[in-house]
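Visitor: This is a predicted model, with the sequence first.
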Amino acid sequence: MKKTRLDFFNLFLLLLAVGITILYLASKVKNREYEKVFWSGKITVSASKQNLEHDSAIKVIEAKYYNTFDKSKRMLHSDSRVLLNSKSNDSIYFKSEHGLLPDSLHLKYFSIEDRKFYELNTNIPYNKIKKAAKASYGRLSIDVEIKSKGNVILSVNSKNLIPEKTSVFQAQETTGNLSELLFVTRQKTRYNDYDGITNVKDFADLMGNKYNWVFKTELEPGDQISSAYAYSFLNEKIYDIEEDQILGKLSIPERFYIYWTNGNKYDTVYYFNPIEIFSTFRKLNHIDGEEPILLTFKLYKDKYAECVLSKNGISIPVRNVHPKIP
């Protein structure tokens with residue numbers, strides 16, 4: 001009798017364990033746990049085939065993948081840049097996490113080339129992406145490529161897969177405001193990186209306009225330039241004294257790195273104020289004459305460097321917003 005009771009008790013425990021296992025597996029199926037994988041993504045920008053010689057640039061305002069089943073969202077990585085241009089090969093990255101693959105995409109950006117805001121809200125091919133995830137045997141990257149005129153290409157990439165274009169979308173023109181362009185968030189703090197810019201047109205012109213300008217230095221006796229290069233407000237390298245320079249128009253420089261020597265080595269970084277350097281270029285560009293705008297840097301070993309922009313006898317000094325004695 002005692003053995004019979006023990007057998008019933010063991011049977012009860014077995015049935016209880018089976019029931020718990022079934023409930024666990026059912027919850028896994030219900031929540032689609034078996035479909036969850038490690039995945040990430042990135043955003044790039046490329047120039048159109050008709051405009052390969054010119055860079056195409058955007059500022060990403062909002063971007064997120066989401067899954068409508070579990071309401072999960074995948075946002076951009078907090079350290080990702082928000083400005084992209086086709087010549088720098090930069091990317092903006094989504095966080096890499098374990099979860100359901102996305103079935104929808106939201107994207108809002110400003111095209112500096114088109115001078116327009118664009119927005120895209122669309123479903124994306126979940127089953128096709130899931131099939132690629134099974135074949136990848138590893139981390140999957142769901143990538144967005146932005147082209148001119150609102151064209152957006154979605155592709156799936158992995159080390160084990162040949163990059164596959166899955167969908168082509170058309171983002172629609174939309175409205176936007178200046179604050180969406182000026183402010184960036186770094187470590188949960190908002191910063192305005194474009195001091196003095198007061199309208200969308202000036203922002204686009206600061207980023208996109210190009211001018212005919214030439215770099216020049218004035219040194220103290222015995223000093224020699226060893227290196228100099230510049231970056232634009234799109235963080236694109238636009239000038240390097242050590243490379244053969246093709247005559248033509250260049251973007252407005254955001255900062256210059258200059259190195260010189262006189263037995264000892266010296267260097268300075270000259271950071272321009274956005275509205276000051278933009279206004280100066282615009283003013284000098286309106287002066288008649290074919291000669292380029294001259295950027296003259298006066299370099300000293302024991303005091304701050306100076307910079308003067310000039311054309312046709314008109315000279316305008318521009319300050320370094322982060323001056324430092326070499």
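Guide: Looks like it came in fine.

Visitor: OK, contacts around the residue lying closest to N192 once chain neighbours are set aside?
Guide: Once flanking residues are discounted, N192 sits nearest to L182: 5.1 Å by Cβ to Cβ, 6 or more residues apart in numbering. Placement of C-beta: from N, CA and C, glycine included. Counting by Cβ atoms under 8 Å, 6 or more residues apart in numbering, L182 makes contact with N192, D193, Y194, I197, F203.

Visitor: same question, Y109
Guide: With Cβ under 8 Å, 6+ apart, Y109 has these contacts: I58, K59, V60, I61, A63, F117, Y118, I146, A171.

Visitor: Considering those, which possesses the most neighbours?
Guide: I58 (26 neighbours; other Cβ atoms under 10 Å).

Visitor: Work out for me the element that one sits within.
Guide: strand 57-67 (DSSP states H and E).

Visitor: returning to what we had before: what's the spacing between the residue nearest to N192 and F233?
Guide: 12 Å (Cβ to Cβ, to the nearest Å).

Visitor: intersection of neighbour lists for the two?
Guide: Common neighbours of L182 and F233 (Cβ under 8 Å, 6+ apart) are Y194.

Visitor: coming back round to it: next step: the contacts of L182 restricted to strands.
Guide: N192 (DSSP state E).

Visitor: Could you find the lowest-pLDDT member of the contacts of L182?
Guide: Lowest pLDDT of these: D193, 82.

Visitor: Tell me how many other residues crowd that one.
Guide: By other Cβ under 10 Å, the burial measure for D193, its neighbour count, is 15.

Visitor: hang on, isn't it packed against L181?
Guide: No. Using Cβ atoms under 8 Å, D193 makes no contact with L181, being 9.8 Å away.

Visitor: show me where the stretch 201-326 of the chain has helices.
Guide: Using DSSP state H, counting those that start in this stretch, the helices of the stretch 201-326 of the chain run over 274-285.

Visitor: Let me know the next secondary structure element after the strand holding I58.
Guide: Remark: after strand 57-67, the chain's next helix or strand is strand 72-75, criterion DSSP H and E.

Visitor: Could you list the paired strands of that next one along with their orientation?
Guide: The pairing partners recorded for strand 72-75 under DSSP bridges are strand 57-67 (antiparallel).

Visitor: low pLDDT regions in the stretch 201-326 of the chain?
Guide: Residue ranges of the stretch 201-326 of the chain with pLDDT under 70: 243-247.
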